[in-house]
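Peer 1: next one to model:
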Amino acid sequence: MLAPWGRAIVLFMAAIVLLLEASIAVSSEAPITLGVVPQFEQRKLFSIWKPIVDELSRRTGIEIRLAVTLTVPEFEQALEKGAFDLVYANPYHILRVSESPGYIPLVRDQEPLHGILVVHRDSPVKTIKELAGKTLAIPSPNALGASLLLQADLERLYGVRMSTVNVRTHSSVYLNVLNGLVDAGGGVEKTLAEQNPAIRDGLRILYTTRDMPSHPVAAHPRLRPEIRERVRKAILEMAATTSGKALLNEVPMAIPVSTSLDDYLVMRKWGLESYWVSERK
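Peer 2: Okay, the predicted model is just below:
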């Protein structure tokens, strides 16, 4: 018979073995990448997403690495090649790669997305028709609400074509309009709301597009269903905590909900392909 202190040592060693086995089980998962569409300049994007990625790694037990591209065209090319294991992309990006590589939407913000057209607060422009032939700043030719859907609405509903100027980010769109470098700018309500009040107050929303489902976090089909579910669950659980909600609000993804490709299929009827630009480096 073991003495009491001997039994305690045996139990302690058994607990250590179990902890080591759990650690090995977690670390046996290969690291995975999360690619994020560059809506913002790189430093801001990194400051928003790195804490989220760290928290998701902790909650899932999988090392998740943030993959940041410098430009939207670089992001689109990597997405089409299936370079990312997880991705945060605009809904039309996901539709375009729904068959190959076949990214699977996991979660999205409950709040729908709207494209907006903004002009300077003091602009004499009062109607869409007055913008025919004028300049429109866009964050990327293939930005969904800020470019594709906005251009489709302008041309198909109002017969208005504008000359687009790609200024790379949503923040740059608003600054270009504010500084009078362009006649109008395309954005989305969420990114406008994030701007400094001095910028927001200097702009006026002239037009708002129809509703569309928000950007999803989607998974490459090479990730096992169990891994995809761990990621989905981790994001939803994050949103239920004060600290996690604060992190997700920065995306912004204030109220994450489960989603699927079915939520996005309606956009195939909107004729957006006519405005898609294939960009190559």
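
Peer 1: pull the number of nearby residues for residue 127.
Peer 2: 10 (other C-beta atoms under 10 Å). Where C-beta positions appear, they are placed from N, C-alpha and C, glycine not excepted.

Peer 1: and for the one 4 residues further on?
Peer 2: Around residue 131 there are 22 other residues, counting by other C-beta under 10 Å.

Peer 1: next one: residue 261
Peer 2: Residue 261 - counted by other C-beta under 10 Å - has 16 other residues nearby.

Peer 1: which residues touch it?
Peer 2: Residue 261 makes contacts with 94, 95, 98, 104, 105, as judged by C-beta atoms under 8 Å, 6 or more residues apart in numbering.

Peer 1: ok, residue 209 touching residue 151?
Peer 2: No - if you go by C-beta atoms under 8 Å, residue 209 and residue 151 don't touch, sitting 10.2 Å apart.

Peer 1: measure the residue nearest to residue 237 when sequence neighbours are not counted to residue 211 for me?
Peer 2: Nearest non-adjacent residue to residue 237, counting by C-beta to C-beta, 6 or more residues apart in numbering: residue 59, 6.6 Å away. Residue 59 sits at a distance of 31 Å from residue 211 (criterion: C-beta to C-beta, to the nearest Å).

Peer 1: when these two are compared, which one has more neighbours?
Peer 2: A count of neighbours by other C-beta under 10 Å puts residue 59 above the other of residue 59 and residue 211, at 17 against 12.

Peer 1: helix or strand for the more buried one, which one?
Peer 2: Per DSSP states H and E: residue 59 is located in helix 42-60.

Peer 1: packing partners of that helix?
Peer 2: strand 32-36, strand 64-68, helix 225-239, helix 242-249 (3 or more C-beta pairs under 8 Å, 6 or more residues apart in numbering; DSSP states H and E).

Peer 1: distance between that helix and the chain's centre?
Peer 2: 13 Å (C-alpha atoms, centre = their mean, to the nearest Å).

Peer 1: so which bits of that helix are buried?
Peer 2: 45, 48, 49, 52, 53, 55, 56, 57, 59, 60 (16 or more other C-beta atoms under 10 Å).

Peer 1: what is the nearest of those to residue 175?
Peer 2: When these are ranked by distance to residue 175 (C-beta to C-beta), residue 45 comes first, at 16.9 Å.

Peer 1: got the contact list for that closest one?
Peer 2: By C-beta under 8 Å, 6+ apart, residue 45 lies in contact with 36, 38, 39, 68.

Peer 1: which of those residues has the weakest pLDDT?
Peer 2: The member of the contacts of residue 45 with the lowest pLDDT is residue 39, at 77.

Peer 1: next one: residue 202 from residue 124, what distance?
Peer 2: According to C-beta to C-beta, residue 202 and residue 124 sit 15 Å apart.

Peer 1: which of those two has more residues huddled nearby?
Peer 2: residue 202 (18 against 7).

Peer 1: now do residue 179: how many residues are near it, please.
Peer 2: 10.

Peer 1: likewise for residue 111?
Peer 2: Residues near residue 111, counting by other C-beta under 10 Å: 16.

Peer 1: distance-wise, check it relative to residue 142.
Peer 2: When distance is defined by C-beta to C-beta, residue 111 is 22 Å away from residue 142.

Peer 1: again with residue 183
Peer 2: Going from residue 183 to residue 142 by C-beta to C-beta gives 21 Å.

Peer 1: what of residue 135?
Peer 2: Noted for residue 135: a distance of 19 Å to residue 142, by C-beta to C-beta.

Peer 1: neighbour count: the two, which is higher?
Peer 2: Each of residue 135 and residue 142 has its neighbours counted (other C-beta under 10 Å); residue 142 has more, 25 against 16.
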